[in-house]
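Peer 1: Got a predicted structure here, sequence first:
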Amino acid sequence: MKYKAQASEKSTVTIKITFSKEEWEQANQKAYMQTRGRYAVNGFRKGKAPRHVIEKMYGSEVFYEDAMQDCYPDALYEAAKEAGIKIVSVETLEAIEASKEGFSFKANVVVEPEMEINNYLGIEVTKKSTEVTDELVDEEIEKVRDRNSRMVTVDDRAAQNDDVAVIDFEGFVDGEAFEGGKAENYNLKLGSGNFIPGFEEQIVGHKTGEEFTITVKFPDDYQAEELKGKEAEFKINLHEIKAKELPEVDDEFVKDVSDKETLDEYKAELKETVAKRLQDEADKDVDNQISEKLMELLEGEIPEAMYDNQANEMVREFDMRLRSQGLDMKTYMQYMGMDANALKGMYKEEAEKRVKLRLALEAVARKENIEVTEADLDAEYGKMAEAYKMDVDKVKEAVPAESLTEDVKVEKALNLVKDKAVIK
């Protein structure tokens, strides 16, 4: 196989590939072996007719199309590898000539650009405070109190925000009841914003046993067409007011919610927990700052196809997560009221960041001459085998060393930049 690669505009390369007579003959023989069962020939059982008989009956070029389709991917991969380019997408694929003497085709491909980056060592970032204050510990205790709270009936005051009001209601527009506007013994948390604007606010201030009427206006973008922008009157019967009762913070509370005996011991434990969380958050924020700086330093034009490929990959990953949960993409999109383009659009921004960061780190690895050793690969395969509970040899079969090498190289580049960063 011979090839010729010629760069055109931006990140587009035209590759012309030619197969010799012998190579083309092998491709046609392979196509015959794989597809001979399609052809019915009198006197032969299906799939048993000799190749020359099928070619005589259906034409000498009968296997050309299948042979071409088989040749395209491997030929492009080998040509790109030899030329030192990474194909992002194939824009056009065109057969030039196919005969007994050989086969040639031309492909216009988008390739990964070689980006430039400078001043990536000594990036300055600011680390968030990891000081554990008494206020932060108290906030953690309040969260635990809230999780261990209970709802109790109150009848010595009027309803207020954060209460749960148990109500009957019936709505009318122009004096007529409307569908979906009636319920009995409905538990409504006041201030939640679950009902249309003005509804919950007008229940606040009323007491248990009161019957009253409120007036609200449906939003102009309300989902029910017949109610959009309409003024409605609701008759309300307030049966019960329930309020959240929080437990007292004392040693007994501590014994109920932890394995500690005293409040002081519990606070000390919470202080350690908060300290670890703050440290993790600060480290993650430093990583994010470094990533943002690297993306800003990246120079060069990135093909749109790279963003598109990354977004498609993220959609596929999401699809796999859905399937692992017993769901499917079609049902999810119907439930969310979105189509495939809208779903892909959700990942557009993150896809662009991933592509830019990857290109930035590849540029760093190239400038720093970062190498990946066999020991590096073995260590990475070992970690993957442990994570997926698989035999190392099975992992090696699933993950080619070539692609893993690129991933490890990028990780080394990131660690280098992080080690050299100036953290204030």
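Peer 2: Right, received. Where do you want to start?
Peer 1: Report the contact partners of the closest residue to residue 282 other than its chain neighbours.
Peer 2: Spatial nearest neighbour of residue 282, chain neighbours left out: residue 128 (4.4 Å); criterion: CB to CB, 6 or more residues apart in numbering. Every C-beta, even on glycine, is put in place using the N, C-alpha and C of the backbone. Residue 128 makes contact with 278, 281-282, 285, according to CB atoms under 8 Å, 6 or more residues apart in numbering.
Peer 1: let's go with 10 Å and repeat that
Peer 2: The neighbours of residue 128, taking CB atoms under 10 Å, 6 or more residues apart in numbering as the test, are 278-279, 281-286, 289.
Peer 1: repeat for residue 130
Peer 2: Each residue near residue 130 by CB under 10 Å, 6+ apart is listed here: 274-283.
Peer 1: go on, residue 246?
Peer 2: 142, 144-146, 148-150, 253.
Peer 1: Farthest-apart pair in these, please.
Peer 2: Greatest spacing in those, by CB to CB: 142 and 150 (15.6 Å).
Peer 1: pull the helix or strand with minimum mean pLDDT from this structure.
Peer 2: Here the helix or strand of the chain ranked lowest by mean pLDDT, DSSP states H and E is helix 329-336, holding a mean of 86.
Peer 1: Past it, which element shows up next along the chain?
Peer 2: Note on helix 329-336: by DSSP states H and E, the next helix or strand toward the C-terminus is helix 340-346.
Peer 1: which parts of that next one are buried?
Peer 2: Buried residues in helix 340-346, defined by neighbour count with 16 or more other CB atoms under 10 Å: 343-344.
Peer 1: After the biggest helix by length in the chain, which helix or strand is next? Please name it.
Peer 2: Counting by DSSP state H, the longest helix found in the chain is helix 263-297. Heading C-terminal from helix 263-297, the first helix or strand you meet, by DSSP H and E, is helix 304-324.
Peer 1: That following helix: how far from the chain's middle?
Peer 2: For helix 304-324, the separation from the chain centroid amounts to 7 Å (computed by CA atoms, centre = their mean, to the nearest Å).
Peer 1: again with stretch 370-378
Peer 2: Centre to centre, stretch against its chain (CA atoms, centre = their mean), the figure for stretch 370-378 is 29 Å.
Peer 1: CA atoms of it as PDB?
Peer 2: In PDB, the C-alpha atoms belonging to stretch 370-378 read as follows (Å, rounded to 0.1, in the frame of the first residue of the first chain):
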ATOM      1  CA  ILE A 370       7.700  13.500  28.200                       C
ATOM      2  CA  GLU A 371       8.200   9.700  27.700                       C
ATOM      3  CA  VAL A 372       6.100   6.800  28.900                       C
ATOM      4  CA  THR A 373       8.000   3.700  30.000                       C
ATOM      5  CA  GLU A 374       6.800   0.100  30.100                       C
ATOM      6  CA  ALA A 375       6.800   0.400  33.900                       C
ATOM      7  CA  ASP A 376       4.400   3.300  33.600                       C
ATOM      8  CA  LEU A 377       2.100   1.300  31.500                       C
ATOM      9  CA  ASP A 378       2.300  -1.800  33.700                       C
END
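Peer 1: tell me which residues form a beta bridge with residue 98?
Peer 2: With DSSP bridges as the criterion, residue 98 is bridged to residue 103.
Peer 1: Ok, the one 10 residues further on next?
Peer 2: For residue 108, the beta-bridge partners under DSSP bridges are residue 14, residue 92.
Peer 1: re earlier: give me the subset of the contacts of residue 246 lying in helices.
Peer 2: By the criterion of DSSP H, membership of those in helices covers 142, 144-146, 253.
Peer 1: Mark which of these are buried, thanks.
Peer 2: Buried members of those, counted by 16+ other CB under 10 Å: 144-145, 253.
Peer 1: Report the secondary structure state of residue 378.
Peer 2: helix (DSSP: H, G, I helix; E, B strand; the rest coil).
Peer 1: ok, now how distant is it from residue 395?
Peer 2: 11 Å (CB to CB, to the nearest Å).
Peer 1: of these two, who's got more company?
Peer 2: residue 395 (19 against 12; other CB atoms under 10 Å).
Peer 1: Could you check which helix or strand contains that one?
Peer 2: helix 392-398.
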